[in-house]
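1. Could you work out the structure for the sequence below:
(one chain, ligands or ions: 1)
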Amino acid sequence: MTERRLLLVNGPNLNLLGTRQPEIYGATTLAQIEQMVVDVAGGLGFSVRAVQSNHEGVLIDAIHAARDDCRGIVINPGAFTHTSVAIADALSAVELPVAEVHLSNVHRREPFRHHSYVSAVAEMVIAGAGPLGYEYAVRYLAGGLG
Ligand code: DQA
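-> Numbers count the residues shown, from 1 in each chain. This next block holds a predicted model:
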């Protein structure tokens, strides 16, 4: 059994959190979210590898690498949620439990945000809880992994 580690993936534009449309995404920075995830996971006995990229292939490579040394994946794919069959395929391929997180409630936003390719391969989806969504996702995955 691999080490008790989770992969945290954040997709395009999420590096701008804190200054990007704070009325939608809030004032919390990505660094603060990553630290919170590390703290919550640590309390549950898990370490975290955090990856953010604006490039689809980099995210796919990180997902592939998780197969070897992670036990679950928390992912906010950003706009790739709505466009990327390739990220959904990568998540399927590695056969790890996936928790999909969105800071905003995508279902009350533009119609193009209502469909997610990732949801079909995720065990749980949480949208609209802000940064707390990441905490819920970690607790959910850690609980299921024992
Ligand atoms: C998002 C929602 C997406 O529609 C958007 O493209 C993002 C962020 C969210 O966290 O609410 O970049 O995933």
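2. from here on, contacts and neighbour counts on C-alpha atoms
-> Noted.
3. Pull the residues that contact stretch 6-24.
-> If you take CA atoms under 8 Å, 6 or more residues apart in numbering as the criterion, stretch 6-24 is touched by 25-30, 34, 46-56, 59, 63, 66, 70-80, 104.
4. Same question for stretch 139-146.
-> 40-41, 44, 46, 71-72, 97-99.
5. Please indicate which of those residues are buried?
-> 40-41, 46, 71-72, 97-99 (16 or more other CA atoms under 10 Å).
6. and this protein, which of its residues are near the ligand?
-> Contact residues, the chain versus the ligand (CA under 6 Å from any ligand atom): 13, 76-79, 102-104, 106, 113.
7. give me the element the most centrally placed residue in the chain is part of.
-> Geometric centre of the chain, nearest residue: I75, 1.5 Å, by CA atoms, centre = their mean. Here I75 sits within strand 72-76, counting by DSSP states H and E.
8. How far off centre is that strand?
-> Remark: strand 72-76 is offset 4 Å from the chain centroid, using CA atoms, centre = their mean, to the nearest Å.
9. So which residues make contact with it?
-> 5-11, 96-102, 134, 137-138, 141.
10. what do you get for stretch 79-89?
-> With CA under 8 Å, 6+ apart, stretch 79-89 has contacts from 11-12, 56, 59-60, 112-118, 120-121.
11. thinking again about what came up before, from the contacts of stretch 139-146, pick the one nearest the ligand.
-> Distance to the ligand, by CA to the nearest ligand atom, is smallest for A99 among the contacts of stretch 139-146, at 12.6 Å.
12. Just confirm that closest one is within a strand.
-> Yes - according to DSSP: H, G, I helix; E, B strand; the rest coil, A99 belongs to a strand.
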